[in-house]
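Participant: Sequence below, structure please.
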Amino acid sequence: MRGFFLGLLAPLIVGPLLVAGFLGLAAGHPTNQSAQIMRAKLAKGHEIEGSKLVLAGGSNVRYSLRAGEVERLAGRPALNLALAADLGVDYLLFLMRQVLRPGDIAVLAIEYSFYADDQILTRVNAPLALWNSTDWVRGLPLSEQILWARNLTVEAGMGGLASRLGLARSLTLPVGVFNEWGDHVGNDSDAATRLQLADLSGARAEAERFRFNADSASTLALSRFMDWCAANGVRVAAAWPTWGQGLVDSDRFFRFAGEVREFYEAHGAHVLGTPEEAMLPVDQLYDSPWHANTQGALLRTSRLVADLANARLLAPADSSGAEPLILTSGPDR
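Facilitator: Numbering: from 1, shown residues only. Prediction:
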């Protein structure tokens, strides 16, 4: 009988130990293409000497703001740390803390949908956290840690293991899509992207769901981040995310926008410009109401720099002389 029970328990004990050992070998190494890209962006941020501007948000920032143009117009180093909304706000801000130093400016353009969002873990941030953020995972409640493990895929683990063994040739990177400041620059409109903007009824329905909840997981994460910035000599500027013109109900949306503004101002952040200035006509959008095309991105960036200047956040700074962003596979750290 004893042997019978041991036979039942053995897989329950050995299985988790094998999984833990496998993840331990994969941890600390890029697990997929997104991890490779983010590693390059973080490396760029660490190389910049002196104060810098760090742009962050979901894919609206990746497509719609150009850190390289910010640096050219503002005369101080800049970095675009945005990748995708699926990173989640809490994890994105964890990454922000890794590159921010006293004297820096964090420019946040958070998508409207996040202000009522309670999701912390996603299938996108799970493999990235295995790569560089086990401290973030350990800080989560046990239930969230279990969910994190469930969100991992065998592919992500194998990707990290391949990186550890120097066999990660399959992790090819979209060199030419991202420039040395971490900007996405491959967003010139074409027939295919214009077709994706032909019917925006779904976007109008999405806008109807924009809500502000001060107790949502994402909003609380923003509150903690701004408190951390205040304690560490980092200034916060809140910009409005890109959105398409004519896709919101004016009265309800602007009440919502007023709550967002009050939230940031209550935490000492500089709120830049107005939501209307971030809304673009369809011919300046790429493939989504959140994404500007090249023309729209340059317009949005010039407005952002003007707003930063009007807020007196652009004191002169020397050029960093940092090395370009290099998107290549290779040993981590």
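
Participant: ok, residue 91 to residue 188 distance?
Facilitator: Distance from residue 91 to residue 188, counting by C-beta to C-beta, to the nearest Å: 30 Å. (C-beta placed from N, C-alpha, C; glycine too.)

Participant: Have a look at the two and say which one is more surrounded.
Facilitator: Using other C-beta atoms under 10 Å, the more surrounded residue of residue 91 and residue 188 is residue 91, with 22 against 10.

Participant: just checking, the more buried one touches residue 130?
Facilitator: No: Residue 91 is beyond contact range of residue 130, at 11.9 Å (criterion: C-beta atoms under 8 Å).

Participant: Show the pLDDT at residue 147.
Facilitator: We have a pLDDT of 83 for residue 147.

Participant: so what's it up against?
Facilitator: Residue 147 is in contact with residue 121, counting by C-beta atoms under 8 Å, 6 or more residues apart in numbering.

Participant: pretty sure it belongs to a helix, no?
Facilitator: Yes: under DSSP: H, G, I helix; E, B strand; the rest coil, residue 147 sits within a helix.

Participant: Next up, phi/psi of the residue lying closest to residue 110 once chain neighbours are set aside, please.
Facilitator: Leaving aside its sequence neighbours, residue 110 sits nearest to residue 57 (C-beta to C-beta, 6 or more residues apart in numbering; 5.3 Å). Residue 57 has phi and psi values of phi 160, psi -160 when expressed as degrees, to the nearest 10.

Participant: May I have the beta-bridge partners of residue 57?
Facilitator: Beta bridges link residue 57 to residue 109, judged by DSSP bridges.

Participant: and it, how far is that from residue 106?
Facilitator: From residue 57 over to residue 106 the distance is 11 Å, taken as C-beta to C-beta.

Participant: do the same with residue 192
Facilitator: According to C-beta to C-beta, residue 192 stands 34 Å off from residue 106.

Participant: Neighbour count: these two, which is higher?
Facilitator: residue 106 (25 against 8).

Participant: quick one: contacts for that one?
Facilitator: Neighbouring residues of residue 106 by C-beta under 8 Å, 6+ apart: 54, 56, 96, 100, 225, 229, 234, 235, 236, 237.

Participant: Which of those fall within strands?
Facilitator: Within the contacts of residue 106, residues falling in strands by DSSP state E are 54, 56, 235, 236, 237.

Participant: and which of those residues is nearest residue 294?
Facilitator: The nearest member of those to residue 294, counting by C-beta to C-beta, is residue 56 at 20.8 Å.

Participant: Let me see the backbone angles for the spatially closest residue to that closest one that is not a sequence neighbour.
Facilitator: Nearest residue to residue 56, sequence neighbours excluded (C-beta to C-beta, 6+ apart): residue 81, at 4.8 Å. Phi and psi for residue 81, reported as degrees, to the nearest 10, are phi -100, psi 0.
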